[in-house]
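Trainee: Attaching a predicted model along with its sequence, questions to come.
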Amino acid sequence: MIDRGGQAVTEHQASVQVTKVEKRRLAWLPFTLALLVAALLLAWQRLYFEMRDAHRTALSEAESIMTVVELSRAMSSTDVSPWLTSASSRFSDVVSSSYCVGAQCSAHYRQGRAPLCSQGDRWGSVCAQSFPRGAGAFVEVRHSLMPAYQATLRDMLMVCVVALLGLGTWFSAEQRLRQQVLRREDQLRHAARHDALTGLLNRAAFDAVLAEHLARPKAERSPATLLYMDLDGFKHLNDTHGHHMGDQVLKEVTRRFGAALPEARASMGRLGGDEFAVILPNVSEPLAVAASVDALTESLTPPFEAEQMSAQLGVSIGAVVLDAEVHTAEEALRRADVAMDEAKRLGHGKLVLFDDLLGSRARRRQFIQSELRPAIIQGQLYLEYQPQVGMDGGMRGVEALVRWRHPRFGVIRPDEFISVAEETGLILPLGVAVIEMACRDLVALRKQGVALPYVSVNVSPRQLADPQLVPALMSALRQHGLGPADMELEVTEGAVMEVNGAESSVLDHLSARGFRIAIDDFGTGYSSLSRLQRMKVDKLKIDGSFMEGLGEPGHDPVLVDMMLSLAKRLGVKSVAEGVETQQQADWLRDAGCQMIQGYLYAKPMPPAQLAVWLKERAGDHDDDEDVWSPTVSAEL
Ligand code: C2E
Ligand code: MG
Ligand code: MG
């Protein structure tokens, strides 16, 4: 693909080529002027010599006639006119001749000039006179200049013909060159605006098309929608089958997208790797957008097959209606990108239409992304603890829940920043900080005489995949004189089921080391029961969303019932999360649930408040639960 830099170079090349041609085109003007001046000089020179020759000829003619006329006078002929006429007629270009003798011409004779030559036709002829010494007479001849003019004209014509031929040849060569350059310029411009692989508009050109659309006055602007598409599974295909195959697939995707939306083909662009965008003209209603999106999605349904490869791709799409609220191409693309990211987050093959809520969420995410790292380093994170109580109301353990106290925005809840931390990888340093704080607080609470069996820490999928997790856990516990039995690790059901071999062996490894493993948010993921049976799990934490309506008349608690039975059959403890009412607690106790965590008993609270809360309830615990098993550090 041509990048922005490459495109700038190519556009520059194109403009240089065009400038050159324009300059060459202008060169014909001085060339023609020079030719004209040369032709005029030539003509002038030719005429000058022709006239000089004509004058000399006239002089010699005058002398010849004079000889004849003098001879006839010597033969005492009084009338010399016939002789004059006959002598003149021998010269075809003599226009007129006259003879002067005696007193009538003595004045002229003295002055050495003839009356005729000083007047009459100055342009059509030259005049010459013969004044023989001692003759007392002279002959004057007027010689036509027509032959001189004709010769000059002939030469001029020849020069013009040659010049015209030269100019013609030059012009046709120039024309050919110009066409070549224009063709090349077209190619360069096309290359500058199009993606070399797919032939679609490249990013800069797409930006320009979008900007052009948005620049139209709002009244004239037809409704349109911008779609931002990102292929699902393309990276994997590229990594597995190589870039050559990846390129083939991208070409095929382009062909299919073009066929799916022929009316929008001209405004389709490839914005990078596997990202495409298109402007749907005259489409703004959600149903119409969905129809276009369906066409795109369906076009990817047939598998991509080449050289013994068969792959299935999907597409996640973000859509933005280009209404009056969208002013610039940058803004439109940013919104579409946000919507597309959301589509990816929701799972593959989704369409998300940008709205204000999404926009503010995106801004919030952006803010968290930039501020979370310094927050971890500067210790703005802290833990609150929520007790888990037995059915007798006795303390069992506490769950550590992270909080972020932002100096300007106050306390930010984990729901807002944990997912961003997951995406950005910041969950790793954040997880280490949480483990460290949980150990520190547990030791501090126990030092205050609080009987606290364990602290439960949430572990994200990305942490499970991190080889540093086990060393970090062990090191933190060792540092505070604690052991694995003092810590429970909560892993969400979705994360447990998603983990591949290596990560699930990490869980087994942690369990073997003595850590308690709890499946968090149970019931919200898709558990494989066989996998659940194989795993060394201590606890199922039934998600708070199942508590709604529990114990109320007419509510069917079948799912909670099933989850509790499952926990019983698997021999693991059951905890109900999000219990808010006594009614829910009563129902859970009757149904055999072993522990409760919820606002009914306590909200998450800072360690100092927890200490007070725990002391107030001291001795209120169930003896058959392993309340507190101080670990011998040497075990580690
Ligand atoms: P979770 O692990 O399922 O934690 C339980 C959440 O339910 C907590 O929200 C808690 O305050 C809330 N909760 C407890 N009892 C009730 C109740 O009776 N009613 C209602 N409406 N809510 C109740 P919180 O603290 O906002 O945490 C949200 C989620 O953030 C946690 O869900 C957990 O998945 C995640 N999280 C919190 N701290 C950490 C952490 O240190 N690391 C990781 N990876 N995730 C964390
Ligand atoms: Mg939890
Ligand atoms: Mg939970």
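Mentor: Looks like it came in fine. Ligands and ions are numbered 1, 2, ... in the order given.

Trainee: Give the closest residue to the residue nearest the centre of the chain in space, chain neighbours not counted.
Mentor: Of all residues in the chain, the one closest to the mean position by C-alpha atoms, centre = their mean is residue 203, 2.7 Å from it. Leaving aside its sequence neighbours, residue 203 sits nearest to residue 271 (C-beta to C-beta, 6 or more residues apart in numbering; 4.8 Å). Where you see a C-beta, it was placed from the backbone N, CA and C, and this is true even at glycine.

Trainee: Helices along the stretch 301-450 of the chain, start to end?
Mentor: With helices called from DSSP state H, counting those that start in this stretch, the stretch 301-450 of the chain shows them at 329-346, 356-377, 414-424, 427-447.

Trainee: that older thread, let's verify the residue nearest to residue 203: helix, strand, or coil?
Mentor: strand (DSSP: H, G, I helix; E, B strand; the rest coil).

Trainee: Look up phi and psi at the residue nearest to the centre of the chain.
Mentor: Main-chain torsions, residue 203, degrees, to the nearest 10: phi -60, psi -50.

Trainee: these two touch, right, it and residue 269?
Mentor: Yes - at 6.8 Å, residue 203 and residue 269 qualify as touching, with contact defined as C-beta atoms under 8 Å.

Trainee: Is residue 602 in a helix, a strand, or coil?
Mentor: coil.

Trainee: Flag the shaky bits of the stretch 351-500 of the chain, pLDDT-wise.
Mentor: 498-500 (pLDDT under 70).

Trainee: where are the low-confidence patches of the stretch 101-250 of the chain?
Mentor: Those would be 102-122, 133-136, if you go by pLDDT under 70 across the stretch 101-250 of the chain.

Trainee: try it again with 80
Mentor: 101-123, 129-140, 218-221 (pLDDT under 80).

Trainee: how about the helices in it?
Mentor: So, for the stretch 101-250 of the chain - with DSSP H, counting those that start in this stretch - the helices run 106-111, 146-193, 203-215, 234-260.

Trainee: Make sure residue 174 is actually in contact with residue 31.
Mentor: No - using C-beta under 8 Å as the test, residue 174 is too far from residue 31 to be in contact (10.6 Å).

Trainee: Show me what residue of the stretch 501-636 of the chain gets nearest to ligand 2.
Mentor: residue 520 (4.2 Å; C-beta to the ion).

Trainee: and the longest strand along the chain, C-alpha only, in CSV?
Mentor: The residue-count maximum for a strand in the chain (DSSP state E) belongs to strand 395-406. C-alpha atoms of strand 395-406 as CSV (Å, rounded to 0.1, in the frame of the first residue of the first chain):
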residue,chain,number,x,y,z
MET,A,395,-17.4,-14.2,58.6
ARG,A,396,-15.8,-16.4,56.0
GLY,A,397,-13.5,-14.2,54.0
VAL,A,398,-13.3,-10.9,52.2
GLU,A,399,-13.1,-10.1,48.5
ALA,A,400,-10.6,-7.4,47.6
LEU,A,401,-12.1,-4.9,45.1
VAL,A,402,-9.8,-2.3,43.6
ARG,A,403,-10.6,1.4,43.5
TRP,A,404,-8.9,4.3,41.8
ARG,A,405,-8.9,7.6,43.6
HIS,A,406,-8.3,10.2,40.9
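
Trainee: which helices and strands does that strand pack with?
Mentor: helix 356-377, strand 381-390, strand 410-412, helix 414-424, helix 427-447, strand 455-458 (3 or more C-beta pairs under 8 Å, 6 or more residues apart in numbering; DSSP states H and E).

Trainee: switch to 6 Å and redo it
Mentor: Identification of packing neighbours for strand 395-406 by 3 or more C-beta pairs under 6 Å, 6 or more residues apart in numbering; DSSP states H and E yields strand 381-390, strand 410-412, strand 455-458.

Trainee: nearest to ligand 2, of those strands?
Mentor: Closest to ligand 2 of the helices and strands packed on strand 395-406 is strand 455-458 (C-beta to the ion; 4.5 Å).

Trainee: can that closest one be found next to ligand 1?
Mentor: Yes - on the criterion C-beta under 6 Å from any ligand atom, strand 455-458 is in touch with ligand 1 at residue 458.

Trainee: elements contacting that strand?
Mentor: strand 395-406, helix 427-447, strand 487-492.
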